[in-house]
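Colleague: when you get a sec, could you give me coordinates for this:
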Amino acid sequence: MSGSSHVEEPLIESRNQLVDYLSSGTRERDDWRIGTEHEKFGFHFDDLRPPTFDGERGIEALLKGLVQFGWTPVEEHGRVIALTRDAASVSLEPAGQLELSGAPLENLHETCREASSHLREVRAVAEPMGLGFLGMGFQPKWRRDEMPWMPKGRYKIMREYMPKVGSLGLDMMTRTCTVQVNLDVASEADMVKKFRVSLALQSIATALFADSPFTEGKPNGFLSYRSHIWTDTDNDRSGLLDFVFEDGFGYERYVDYLLDVPMYFIQRGDNYINAAGQSFRDYMAGKLPAHPGHLPTLQDWADHTTTAFPEVRLKKYLEMRGADTGPWNRICALPAFWTGLLYDDSALDAAWDLVKDYSLEELHALRNGVPRQAFKLPFRKGTVLDVARQALQISAHGLARRARLNDVGSDETIFLSPLMELVEAGETPAERKLALYHGVWGGNVDPVFREFAY
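Modeller: Coordinates of the predicted model:
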């Protein structure tokens, strides 16, 4: 199969269609699912360098090797750039970071099984190729110009556009990895409440998962450098979205925001039309310079919704985007944290009570301060660590009330254990790696690839 087809797609003629597209994702509570995505850095065992796309030890060869596990290849211009299996996919970020976009699953036990089985499959194919994978928020060793580029049409357009709108966009593309969870909403009111709670607490998740303290082999002064990178990537399409907290916020207001986000591209089959910096509003009027006389399809709109990068993103569901990726147990912990907060009514109420009087100034202070200080950032009468402890407690109660048990009778709170342990110690994953770097690693980051690989 090839890139998405646009045959007989309905054309967009009114803003209402855009609103309807987003609101069509609402689901009854029994149908709520958990979709987890995580990215990871590949490296060669012998020299720690990231694998290129081509060659017998390249990323395309790895993708082809994974086909044995029942994955279907997705091609662009004859090159395998992704895989699909049931409702899950494996895809490539711009420098070959390997991403699993998991299937929408009913509980966190299934989510963690999915992540574990994916990592097992990857290891089975990668190890004979001399490849390993590392979960961290930022590439700890290699310079931007040492990172390979994958041959995907959309990345070529973004690569040319990024330097025009921020100084760190190419780093975001080539040297960052995240873990995120996609969660459902029951109604517009439910979406608004979940959006506000998760946006207000996103910096707390950034602190809990902070794991990107190195740049080019040296400490960079940050605990989540990945989070900092988003502050100078492209401010037209990233950030906190203050308007979510305004009275009257809903699907229509988010559509207006998306219409203000400059476009990147239009996809037709395997080909991409460069529309970088152009306006979707012009496209709806048939006046897009890159594609004059044409109206957008619903698929064009769906594509456009993926080119906004706020801390929480609305598609037909909500995406939590604030965390650095990490080892497999934190791949399970991130969806657990947010599921506990957002999928139980009492927990959602308690989380809202926690954040409802946070001012925009305070939220921005959290957003700007957490990448550097994480738990130690002063906040009100305490620190971010105090808020993280409260949020984790609320999440744990939410998961306990969900009462989804595994075959030995444990509920989903087991997946919060790594976060509970970090909060108990008052230390982020980044600070633990810095201690190793300054201690037993002797000022060398190379051991991170051996000690923290999957």
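
Colleague: what about stretch 223-232, start to end distance?
Modeller: One end of stretch 223-232 sits 17 Å from the other (C-alpha to C-alpha, to the nearest Å).

Colleague: so which bits of that stretch are buried?
Modeller: By neighbour count on 16 or more other C-beta atoms under 10 Å, the buried set for stretch 223-232 is L223, S224, Y225, R226, S227, H228, I229, W230. All C-beta atoms are positioned from the backbone trio N, CA, C, and that covers glycine.

Colleague: and it, average pLDDT?
Modeller: For stretch 223-232, mean pLDDT rounds to 98.

Colleague: so what touches that stretch?
Modeller: 137-138, 166-168, 171-172, 176-178, 206-207, 209-215, 222, 238-239, 309, 311, 322, 324, 367-368, 370-374, 428, 430-431 (C-beta atoms under 8 Å, 6 or more residues apart in numbering).

Colleague: of the residues you listed, buried ones?
Modeller: 137-138, 166, 168, 171-172, 176-178, 206-207, 209-215, 222, 238-239, 309, 311, 322, 324, 367, 370-374, 428, 430-431.

Colleague: what residues sit buried inside the lengthiest helix in the chain?
Modeller: For the chain, the helix reaching the highest residue count under DSSP state H is reported as helix 188-208. Across helix 188-208, burial judged by 16+ other C-beta under 10 Å covers 188, 190-208.

Colleague: now do it: distance to the chain's middle.
Modeller: Its chain's C-alpha centre and that of helix 188-208 lie 14 Å apart, by C-alpha atoms, centre = their mean, to the nearest Å.

Colleague: likewise for stretch 311-319?
Modeller: Stretch 311-319 has its C-alpha centroid displaced from the chain centroid by 10 Å (C-alpha atoms, centre = their mean).

Colleague: the helices in the stretch 201-350 of the chain, which residues?
Modeller: For the stretch 201-350 of the chain, the helices defined by DSSP state H, counting those that start in this stretch occupy 225-229, 251-260, 280-284, 298-305, 328-342, 345-355.

Colleague: which one of those helices lies nearest to A453?
Modeller: Nearest to A453 among the helices of the stretch 201-350 of the chain is helix 328-342 (10.9 Å), distances taken as C-beta to C-beta.

Colleague: for F138, what are its contacts?
Modeller: Contacts for F138 (C-beta under 8 Å, 6+ apart) come out as D171, R175, T176, C177, S212, F214, T215, N220, Y225, R226, I229, D324.

Colleague: could you export these as a markdown table, including distance to D407?
Modeller: Putting those into a markdown table (distance: C-beta to C-beta, whole Å) gives the following:
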| residue | distance to D407 |
| --- | --- |
| D171 | 43 |
| R175 | 40 |
| T176 | 36 |
| C177 | 31 |
| S212 | 36 |
| F214 | 40 |
| T215 | 43 |
| N220 | 43 |
| Y225 | 40 |
| R226 | 36 |
| I229 | 41 |
| D324 | 31 |
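
Colleague: measure the closest residue to L295 other than its chain neighbours to S359 for me?
Modeller: Spatial nearest neighbour of L295, excluding adjacent residues (C-beta to C-beta, 6 or more residues apart in numbering): L11 at 4.5 Å. In this view, L11 and S359 are 43 Å apart by C-beta to C-beta, to the nearest Å.
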